[in-house]
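> Take this sequence and fold it.
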Amino acid sequence: IEDNGDVTGLDYPESRLDLLRQAPHSLVRPPLRPRLTEATLQGKPVLLFEVDWSPDVHQLSDGRYVLRINDGNVPFGAEEIKAIKDGKRRRVTEMRPVMEASLEDLDLSLVAETARRAGLNKTPEQTLAYYRLVERSAGRLVLTLAALLLFGKDPARWHPRCGVDFTHYKGNDRKAGAALNIIKRVRVESPLVRLIEDTYHVVQSRMNERQPLVDLFFEEGTEYPTFAWQEAIVNAVAHRDYGYEGLGIEIEMYDNRLEVRSPGELVEPVTLERLRRRERVHASRNPRIMRVLTDFRYAREKGEGVPRIFEEMEREGLYPPDLRLDAGSIFQVTLKNTPTYSRETMHWLRQYEGLGLSGNQKRLLAYA
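Numbers count the residues shown, from 1 in each chain. Modelled structure (predicted):
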């Protein structure tokens with residue numbers, strides 16, 4: 001497949017094809033262990049190589065070390081590559097094998113439902129293998145932590161803080177002692193493919209209704225745009241660092257705002273600045289978990305979530321989300337329910353919807 005996307009296929013003799021098939025083993029040290037699929041695309045033969053992330057530094061047979069950046073191989077020093085991999089190794093928790101676990105620890109009905117939603121005609125065991133959630137070792141099937149978090153009958157057995165802590169406070173501040181102002185506290189614990197929806201129900205049950213003015217009629221709705229608060233929850237579950245076993249996802253609701261916090265620093269190339277600029281940038285700390293949640297229809301791996309949160313908040317006349325990293329390792333999204341405009345101004349601004357105005361341009365118009 002050429003750089004421009006044209007499918008030219010493999011017009012090679014069998015000896016040349018054998019060289020390609022053996023390249024991951026014969027031209028790389030230590031050798032790679034890819035999954036090789038021989039298929040046809042647009043009627044032409046192709047080879048598909050799939051390889052998981054490796055903690056090792058690999059050297060090509062010509063002596064070079066290269067780093068894959070976008071669609072290119074860039075020469076890089078072995079020590080620099082090792083430093084990058086060491087940093088990633090500390091983050092790659094979902095791939096950790098759990099030797100003492102077995103298929104009996106999984107809710108296989110959830111695995112079957114995932115296969116159904118993804119359109120896979122596979123058994124639960126085949127589905128787990130398809131998502132690379134199991135490995136073969138010494139003739140037995142070994143589950144990864146990702147499999148137990150996604151489908152485990154008791155996920156907390158394998159990770160003490162893999163659920164969500166929800167707290168609803170009265171007022172705009174957290175108080176303690178005699179002034180304790182907690183209205184409701186809920187601990188949500190479920191397999192990850194159920195955790196997101198279960199958390200939706202808990203949060204929505206505590207959310208107030210509002211009546212935005214639309215074309216001179218009041219429409220019922222929640223105090224935060226549905227996509228905005230649900231996307232914040234999806235991101236917290238999908239991208240949190242499960243290496244932090246003493247920290248969990250926390251959601252706090254106040255009269256004037258909703259805060260969603262998840263453990264883990266941002267993963268390169270994602271930065272606070274790029275998110276605040278609404279760039280569609282995507283990187284996953286937990287690619288296997290993210291892939292399952294995507295096929296479960298909770299998320300889309302396109303980096304569109306955060307920019308759309310900004311758009312939805314702005315469309316409803318609310319302040320943009322506040323994004324921050326607390327102590328360098330807790331990512332927090334804050335949604336405010338305070339409107340930036342009166343209902344009358346919101347209705348007046350709707351006449352300019354087709355112009356694609358920015359938030360600042362709308363504010364200038366409203367001020368004028």
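> Provide a list of residues in contact with residue 64.
residue 75 (Cβ atoms under 8 Å, 6 or more residues apart in numbering). In this view, the C-beta of every residue, glycine as well, is placed from N, C-alpha and C.
> For the stretch 201-350 of the chain, just list every one of the strands.
All strands of the stretch 201-350 of the chain, identified by DSSP state E, counting those that start in this stretch, fall at 209-210, 213-214, 217-218, 221-222, 249-253, 257-263, 322-326, 330-336.
> Confidence-wise, which of those is weakest overall?
Set side by side, the strands of the stretch 201-350 of the chain give their lowest mean pLDDT on strand 217-218, at a mean of 42.
> picking that back up, quick one, which of the strands of the stretch 201-350 of the chain is nearest to residue 105?
strand 249-253 (22.2 Å; Cβ to Cβ).
> Which strands or helices does that closest one pack on?
Counting contacts by 3 or more Cβ pairs under 8 Å, 6 or more residues apart in numbering; DSSP states H and E, strand 249-253 is packed against strand 164-169, helix 192-205, helix 226-239, strand 257-263.
> can you redo the ones you listed as TSV with mean neighbour count and distance to residue 98?
Shown next, in TSV, are those (neighbours: other Cβ atoms under 10 Å; distance: least, Cβ to Cβ, whole Å):
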stretch	mean neighbour count	distance to residue 98
strand 164-169	20	22
helix 192-205	18	15
helix 226-239	22	19
strand 257-263	21	20
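> Please convert the ones you listed to JSON lines, extending it with distance to residue 274.
Compiled in JSON lines, the helices and strands packed on strand 249-253 are given as follows (distance: least, Cβ to Cβ, whole Å):
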{"stretch": "strand 164-169", "distance to residue 274": "26"}
{"stretch": "helix 192-205", "distance to residue 274": "25"}
{"stretch": "helix 226-239", "distance to residue 274": "15"}
{"stretch": "strand 257-263", "distance to residue 274": "18"}
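> circling back to that earlier point, got the strands of the stretch 201-350 of the chain as a markdown table, with distance to residue 366 columns?
Output for the strands of the stretch 201-350 of the chain, formatted as a markdown table (distance: least, Cβ to Cβ, whole Å):
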| stretch | distance to residue 366 |
| --- | --- |
| strand 209-210 | 19 |
| strand 213-214 | 15 |
| strand 217-218 | 20 |
| strand 221-222 | 21 |
| strand 249-253 | 29 |
| strand 257-263 | 22 |
| strand 322-326 | 21 |
| strand 330-336 | 18 |
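> Export stretch 9-24 to PDB, keeping only CA atoms.
Only the C-alpha atoms of stretch 9-24 are listed here, as PDB (Å, rounded to 0.1, in the frame of the first residue of the first chain):
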ATOM      1  CA  GLY A   9      -0.200  -5.400  -3.700                       C
ATOM      2  CA  LEU A  10       2.700  -7.800  -3.700                       C
ATOM      3  CA  ASP A  11       3.900  -8.600  -7.200                       C
ATOM      4  CA  TYR A  12       6.900 -10.700  -5.900                       C
ATOM      5  CA  PRO A  13       8.100 -14.200  -6.400                       C
ATOM      6  CA  GLU A  14       7.600 -16.700  -3.500                       C
ATOM      7  CA  SER A  15      11.300 -16.400  -2.400                       C
ATOM      8  CA  ARG A  16      10.900 -12.600  -1.900                       C
ATOM      9  CA  LEU A  17       7.600 -13.200   0.000                       C
ATOM     10  CA  ASP A  18       9.500 -15.600   2.300                       C
ATOM     11  CA  LEU A  19      12.100 -12.900   3.000                       C
ATOM     12  CA  LEU A  20       9.300 -10.500   4.000                       C
ATOM     13  CA  ARG A  21       7.600 -13.000   6.300                       C
ATOM     14  CA  GLN A  22      10.900 -13.800   8.000                       C
ATOM     15  CA  ALA A  23      12.100 -10.100   8.300                       C
ATOM     16  CA  PRO A  24      10.800  -9.500  11.900                       C
END
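> per-residue confidence averaged over it?
pLDDT averaged over stretch 9-24 gives 94.
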